[in-house]
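S.K.: below: sequence and its predicted model.
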Amino acid sequence: MELTRAKVEELGLQAVRQVLHLDQAGTCRLPWPDGAFDVVVVVGIVEHLPVRHRREQVDEYYRVLARGGHIAILDTPNRWFPLETHSVGLPLVQWLPAPLAWRYARLARPGVYGAIGFDEFTADGTGWRNATLGECLPSSGAAGVVDVTEEAGYGFAFFRATARSRTRRALLPAFAAAATALRALGRPPSLALPYLNLLLRKRT
């Protein structure tokens, strides 16, 4: 928190009114009234929230968002993408029960996970389980928001525009086909991608 305050001062960020450090209980009930903000930005957070509190915490983002306001949920690893690309970096590891995922990580990545105990592997904040689209939405589900991700240039549009590696460029046609199929089914194209980058408008 002190580092954040120092950066705010160093960069002259006059618009920053408050820097807070909230504990687990504090993030389950944010210290602002309903509809306090027109914009809420959540960057690389949802996958690190403890599963037992995740629904409560995400619903708080929507509670403090004004009707008609926008929430950006960015850089969030997609649980349903087959390759876990966020931490462990192994195919399907995020779909396994924790004991099997731990053994798989120790076997396949002994240099990194060989000495990691089960409690440490499953500790709050490790993030290897990633996050689903449903966990990024409010309790009311998609009915509570309007998805403006693609028209704002995020989601697949952003993925395509930032494809710099040879591998990603080579795989773009496959990703494009999957995104097109999802769109035809009325599903967000982001579901085909390793990371969710979502922009949602809260319904009025």
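M.R.: Received it, and whenever you're ready, just let me know what you need.
S.K.: ok, longest strand in this protein?
M.R.: For the chain, the strand with the greatest residue count under DSSP state E is strand 65-77.
S.K.: any buried residues in it, and which?
M.R.: Buried residues in strand 65-77, counting neighbours by 16 or more other C-beta atoms under 10 Å, are found at 65, 69, 70, 71, 72, 73, 74, 76, 77. Where you see a C-beta, it was placed from the backbone N, CA and C, and this is true even at glycine.
S.K.: go on, stretch 131-147?
M.R.: 131, 132, 133, 135, 136, 137, 138, 145, 147.
S.K.: again, but for stretch 191-204
M.R.: So stretch 191-204, judged by 16+ other C-beta under 10 Å, has buried residues 191, 192, 193, 194, 195, 196, 197, 198, 199, 200, 201, 202.
S.K.: got it, and stretch 168-180?
M.R.: Those would be 175, 179, for stretch 168-180 by 16+ other C-beta under 10 Å.
S.K.: dump that stretch to PDB, restricted to CA.
M.R.: Output in PDB follows, covering the C-alpha atoms of stretch 168-180 (Å, rounded to 0.1, in the frame of the first residue of the first chain):
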ATOM      1  CA  ARG A 168      -0.200 -17.200 -31.900                       C
ATOM      2  CA  ARG A 169      -0.200 -15.900 -35.400                       C
ATOM      3  CA  ALA A 170      -0.100 -19.400 -36.800                       C
ATOM      4  CA  LEU A 171      -3.100 -20.400 -34.600                       C
ATOM      5  CA  LEU A 172      -5.200 -17.300 -35.300                       C
ATOM      6  CA  PRO A 173      -7.400 -19.100 -38.000                       C
ATOM      7  CA  ALA A 174      -8.300 -21.800 -35.400                       C
ATOM      8  CA  PHE A 175      -9.100 -19.200 -32.800                       C
ATOM      9  CA  ALA A 176     -11.100 -17.200 -35.300                       C
ATOM     10  CA  ALA A 177     -13.100 -20.200 -36.300                       C
ATOM     11  CA  ALA A 178     -13.900 -21.000 -32.600                       C
ATOM     12  CA  ALA A 179     -14.800 -17.400 -31.900                       C
ATOM     13  CA  THR A 180     -17.100 -17.300 -34.900                       C
END
